[in-house]
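Undergrad: Return atomic coordinates for the entry below.
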Amino acid sequence: MSWFRKEKKPLKAWEKRDLPADLFEKCDGCGEILYRERLALNHHVCPRCGRHFRMNPDQYLALLLDPGTFQEREKDLWSSDPLGFVDSKPYPVRLAQAEQALGRREAIVVGEGAMDGIPVCIGVMDFRFIGGSMGSVVGEKVARIGRRALELRKPLVIVSASGGARMMEGIYSLMQLAKTSSVLARLHEAKIPYISILTDPTTGGTTASYAMLGDVNLAEPGALIGFAGPRVIEETIRQELPKGFQRAEFLLEHGMLDRVVDRRELKRTVVLLLRHMWTGWEGGP
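TA: Residues are numbered from 1 along each chain as shown. So this is what the prediction gives:
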């Protein structure tokens, strides 16, 4: 019966194929090995367990905005080094390395676009740029896009992903909490909607300012959201924290979020909210 068997022979050198190293990705939620292209088609959500992988600003803009409508603003702003800060390396070196790696100068992209035909001002943070930390330029960009939304009477949408205030800028970074909050207060007084979308992770000064000040606060499933980290809190209060503490579902249950939204439903949800909240756009209800 040997004719039914295929003899195993080692591949010759010219027969071997080199597979790209980044062809597959392992899901940390369920351990499934996922084909990256299929994962991208599913908006970087694991089809087996629903874990939301992190996305960059370009991916969020493509997800949320109508094709070809985005116009970037304030892209020529970049950070200085007001404190001459040095840790393991000088702060300007960190900035230069992040810019070289990502092709952008700061941890947020802001601009204008349309969501299902509704004109909006939008900002999307990039956690890859020094941990998405909020320095003076991030705060200034948020303030400027907020003032533009006020001037043009367009709703504001901000997607946050941040490790908190940028320690390399000290008090200059902390000042951004008050600056951005004051602009959002003016939007609120003008009755212009601001929708905040919190992704994994959103922590520190960003959470303590514009990320939690939305007229509606949405979050992606499983997103880590908080001010101080769980370890710091446990050491401070000397108590064990409950399971799932600082995850989006826990915050929703305790009234700090309005809704946890699957990324695949995110644009539809924001559009539905804007149509309900906003009558100031041409063609509105």
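
Undergrad: which stretch of helix or strand covers Val120?
TA: strand 118-125 (DSSP states H and E).

Undergrad: Kindly export that strand (C-alpha atoms) in PDB.
TA: Taking Å, rounded to 0.1, in the frame of the first residue of the first chain, the C-alpha atoms of strand 118-125 are listed here in PDB:
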ATOM      1  CA  ILE A 118     -22.200  65.700   9.900                       C
ATOM      2  CA  PRO A 119     -19.300  68.200  10.100                       C
ATOM      3  CA  VAL A 120     -17.200  67.600  13.200                       C
ATOM      4  CA  CYS A 121     -13.900  68.800  14.800                       C
ATOM      5  CA  ILE A 122     -11.900  65.800  16.000                       C
ATOM      6  CA  GLY A 123      -8.800  64.900  17.900                       C
ATOM      7  CA  VAL A 124      -7.200  61.400  18.200                       C
ATOM      8  CA  MET A 125      -4.400  60.600  20.700                       C
END
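
Undergrad: what mean pLDDT does it have?
TA: Strand 118-125 comes out with an average pLDDT of 97.

Undergrad: In it, which residues are buried?
TA: 118-125 (16 or more other C-beta atoms under 10 Å). In short, each C-beta sits where N, CA and C put it, glycine included.

Undergrad: for those residues, which one is nearest Glu106?
TA: Nearest to Glu106 among the buried residues of strand 118-125: Met125, at 9.5 Å, using C-beta to C-beta.

Undergrad: any idea of the mean pLDDT in stretch 199-216?
TA: 97.

Undergrad: What residue, apart from its backbone neighbours, is nearest Val109 spatially?
TA: Pro57 (4.4 Å; C-beta to C-beta, 6 or more residues apart in numbering).

Undergrad: Many thanks, we can stop here.
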